[in-house]
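# need a structure here:
(2 chains)
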There are 2 protein chains.
Amino acid sequence: VTAPDPDRPHFLWAQVEYDGTDFQGFQIQAQGRTVQGEIERALQKLTQVPTRVVGAGRTDSGVHARGQMIAFRVRWRHRVADLHRGLNAVLPADLSLPKMAEAPAGFHPRFSAVARMYRYTVWTGEFRSPLVARYAHHEATTVNRAAMQQAAQCVIGTHDFAAFGRAPQGENTHRQVMRADWSHQGQFLTFDIEANAFLYRMVRSLVGTMLWVGTGRLPPGAVEHILASADRSLAAPPAPACGLCLMQVIYPEGVLQ
Amino acid sequence: VTAPDPDRPHFLWAQVEYDGTDFQGFQIQAQGRTVQGEIERALQKLTQVPTRVVGAGRTDSGVHARGQMIAFRVRWRHRVADLHRGLNAVLPADLSLPKMAEAPAGFHPRFSAVARMYRYTVWTGEFRSPLVARYAHHEATTVNRAAMQQAAQCVIGTHDFAAFGRAPQGENTHRQVMRADWSHQGQFLTFDIEANAFLYRMVRSLVGTMLWVGTGRLPPGAVEHILASADRSLAAPPAPACGLCLMQVIYPEGVLQ
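Just a heads-up that it's a prediction; the model follows:
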């Protein structure tokens, strides 16, 4: 009979939800409050050991997440469920871990992922609405929804998205978009996009440009034209961060139980 | 031909929407940021004259509103629509006036009202959710929805609600409840209540007590029993302010066009 190891090593994944309003984005930085920084601080508080957290993707300052994914290695003598509850108790009000479990060896939140889903929300009421402003960009002018949906359809497939964002170092700017759809409910417009991966600012740049199409500042065919040009100077400025939410990171079936 | 009065007097009503999180309630106070205070400050900024705003009802610190109502007298030489736009431009991000128009003589936001509707939102997920926490109270335990709906039904009608709140000075504690319903969608529980008027803390006290019924801390018949007792010490503590929203103030048909 061997004595049980008091602090057993664990390799864990967790789903991360945050209200991005008061974060300088996901990734830890020299200055400013970040999601990664707050999670690492909570882990250190509970385990007494500095722990590095790896995320599926950086989100910009002000961008929200319902389904960001992280993984980390940690020593912990109690049940994983206790660490999970403890972290949620210690984390600040605008950040939580809805799910946490043991990860399979070799799992990487970013490199194991096969797709990501983002949602961008636009509020089209005549006046700004304080109860929706935190999670939706306000576009006061009427928009041509059909033109926006048409623009969305032409980004589906594998394209060089250089006009709509910057690639991480060492990567090219080709991405495969599986879904891109505008829908509406009352005065909300919602853009759902799923791709194998995204360039920096890609969703917000696409949305900004599609909103210019929807409001008539650009002609209906502009998105297709700008995409083909691969020229960033032709795209509209990125839509504001508050409307964007990382909804889900998708892994091959069976990787995470 | 008479010269037009440069600053014409107006008697105006407005609908008021606010995120109550960072307000010390609606009503102006010696200290603290209030909804009334911010609106009066904005009016003074635009008209250069101190203006008193009258509201339909006080909401407590942290309570939200989609349809609070106000009225005020003001002198303004331009169109009312310009004052409306100007106020929304000057008011802080967590406060806006979705509607504004001339009020009929004798209109009073509180005394002309025939009913009010409040909504209380509960989030029943296992873990707290940062993206819903601002507008929903988190109840982590499973609740008996049928028992809560049964409790809600017994407050319908005219009752002495002394057990669930305090009356404004000079008023009795009888109120007429026209509707009281729990509904659910996914992990959200929503309580909608409409009454001719409400006591202070009445909705939150009712919700707090119904949640104790729903989670088994009080027996199914408790609300009916506590209502009949008129004894405030028997009710549960008020549910947190963040879940409550003043949805609508209702006036007799034709009073406000």
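
# list the contacts of the closest residue to A:L244 other than its chain neighbours.
Once its chain neighbours are removed from consideration, A:L244 has its nearest residue in A:V63; the separation is 4.7 Å (Cβ to Cβ, 6 or more residues apart in numbering or on different chains). For glycine as for every other residue, the C-beta is placed from the backbone atoms N, C-alpha and C. A:V63 makes contacts with A:20, A:25, A:241, A:244-246, as judged by Cβ atoms under 8 Å, 6 or more residues apart in numbering or on different chains.

# ok, now A:L83?
Neighbours of A:L83 in contact, by Cβ under 8 Å, 6+ apart: A:10, A:12, A:46-47, A:74, A:76, A:100.

# so A:G25 touches A:R58, yeah?
Yes - with contacts defined as Cβ atoms under 8 Å, A:G25 counts as touching A:R58 at a distance of 6.2 Å.

# okay, and the common contacts of those two?
Common contact partners of A:G25 and A:R58 (Cβ under 8 Å, 6+ apart): none.

# what about the residue nearest to A:L244, distance to chain B?
In this structure, A:V63 and chain B are separated by 12 Å, where distance is defined by Cβ to the nearest Cβ, to the nearest Å.

# and the pLDDT at that residue?
For A:V63, the pLDDT comes out at 98.

# can you pull the residues of the stretch 151-257 of chain A lying near chain B?
Taking Cβ under 8 Å from any Cβ of the partner chain, the part of the stretch 151-257 of chain A that reaches chain B is made up of A:C245.

# for chain B, what's the nearest residue on the stretch 151-257 of chain A?
The stretch 151-257 of chain A approaches chain B most closely through A:C245 (7.7 Å), counting by Cβ to the nearest Cβ.

# which strand residues bridge that residue?
Judged by DSSP bridges, the bridge partners of A:C245 are A:H64, A:R119.

# got a list of what A:V16 touches?
A:35, A:39, A:55, A:65, A:67-70, A:95-97.

# and if we set it to 7 Å?
Contacts here follow Cβ atoms under 7 Å, 6 or more residues apart in numbering or on different chains; on that basis A:V16 touches A:35, A:65, A:68-70, A:97.

# please identify which of the residues you listed is nearest to B:I226.
Ranked by distance to B:I226 (Cβ to Cβ), the contacts of A:V16 are led by A:L97 at 38.2 Å.

# which of the helices or strands spans the residue lying closest to the closest one once chain neighbours are set aside?
In space, A:L97 comes closest to A:A14 once its chain neighbours are excluded; the distance is 4.5 Å by Cβ to Cβ, 6+ apart. Of the helices and strands defined by DSSP states H and E, A:A14 is found in strand A:8-18.

# that strand - which strands sit beside it in the sheet, and in what orientation?
Within its sheet, and counting by DSSP bridges, strand A:8-18 is paired with strand A:64-76 (antiparallel), strand A:95-102 (antiparallel).

# gap between the residue of the stretch 101-250 of chain A found nearest chain B and B:W13?
Taking Cβ to the nearest Cβ as the measure, the point where the stretch 101-250 of chain A comes nearest chain B is A:P130, at 4.6 Å. Counting by Cβ to Cβ, to the nearest Å, the separation of A:P130 from B:W13 is 19 Å.

# repeat for A:P92
Counting by Cβ to Cβ, the gap from A:P92 to B:W13 is 40 Å.

# which one's more surrounded, the two?
Between A:P92 and B:W13, counted using other Cβ atoms under 10 Å in any protein chain shown, the more crowded position is B:W13 (23 against 15).

# how about the strands in chain A?
Along chain A, the stretches classed as strands by DSSP state E are A:8-18, A:54-55, A:64-76, A:95-102, A:115-123, A:137-138, A:157-160, A:174-185, A:188-195, A:244-250.

# got CSV for the ones you listed, with distance to B:M148 too?
Shown next, in CSV, are the strands of chain A (distance: least, Cβ to Cβ, whole Å):
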stretch, distance to B:M148
strand A:8-18, 27
strand A:54-55, 39
strand A:64-76, 27
strand A:95-102, 25
strand A:115-123, 31
strand A:137-138, 36
strand A:157-160, 50
strand A:174-185, 28
strand A:188-195, 29
strand A:244-250, 31
